[in-house]
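In: generate a structure from the sequence data that follows.
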Amino acid sequence: MDESHFDAGMRVRREVLGDEHVDRAQAGQTSLDAEFQHFITEVAWGRVWARPNLDRRTRSMLTIAILAVLGRTEELGMHLRASRNTGVTPEDIVETLLHVAVYAGVPAANTAFAIAKAMLEAPGQPASDQQE
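Out: Prediction:
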């Protein structure tokens, strides 16, 4: 039988964010957000990140750019730390954020660069306390 979207999502989520982050998110799960956590795992990780047409490096850079543009700083920090697991280099992050500056604005890129400096200069940082 094929892997379910949830199981694929959990596998990919662990590979990208790390076991420690996913275990922490699951431990913090309550009845209030349990369905949301299932949804994120199944849809974001199992139906989108698990698709074969873009590699994880590309998906990671796209996610970083989108989060920077939207000003989602907590999620951005998590994905910047997780980029260590997706083959994204610091040089890739610079190029991604320069694109953000040109196409979405210098203030968004400036904030993202500040977060990237903090995340990339703090080795061993957990992916985040975010529940994703």
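In: now do whatever helix or strand L80 lives in, average pLDDT.
Out: Taking DSSP states H and E as the definition, one finds L80 inside helix 73-82. Helix 73-82 comes out with an average pLDDT of 96.
In: what's around the nearest residue to R56 once chain neighbours are set aside, how many residues?
Out: Counting by CB to CB, 6 or more residues apart in numbering, R56 lies nearest to T86, which is 4.2 Å off, once chain neighbours are set aside. In this view, the C-beta of every residue, glycine as well, is placed from N, C-alpha and C. T86: 21 surrounding residues under other CB atoms under 10 Å.
In: ok, G18 next?
Out: With other CB under 10 Å as criterion, G18 counts 17.
In: same deal with F113?
Out: F113: 18 neighbours (other CB under 10 Å).
In: surely it and V100 touch.
Out: No. In this structure F113 lies outside contact range of V100 using CB atoms under 8 Å: 9.1 Å.
In: ranges for the helices of the chain?
Out: 5-17, 19-27, 34-39, 56-70, 73-82, 90-104, 106-120 (DSSP state H).
In: export the fourth one as CSV, just CAs?
Out: Put plainly, it is helix 56-70. This file holds the C-alpha atoms of helix 56-70, laid out as CSV (Å, rounded to 0.1, in the frame of the first residue of the first chain):
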residue,chain,number,x,y,z
ARG,A,56,13.7,20.5,-1.1
ARG,A,57,16.4,23.1,-1.7
THR,A,58,14.1,24.9,-4.1
ARG,A,59,11.0,24.6,-1.9
SER,A,60,13.0,25.8,1.0
MET,A,61,14.2,29.0,-0.8
LEU,A,62,10.6,29.6,-2.1
THR,A,63,9.3,29.3,1.5
ILE,A,64,11.9,31.6,2.8
ALA,A,65,11.1,34.2,0.2
ILE,A,66,7.3,34.0,0.7
LEU,A,67,7.6,34.2,4.5
ALA,A,68,10.0,37.2,4.2
VAL,A,69,7.6,39.0,1.9
LEU,A,70,4.6,38.3,4.2
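In: what's it packed up against?
Out: If you count contacts as 3 or more CB pairs under 8 Å, 6 or more residues apart in numbering; DSSP states H and E, helix 56-70 packs onto helix 5-17, helix 73-82, helix 90-104, helix 106-120.
In: with that, I have no additional questions.
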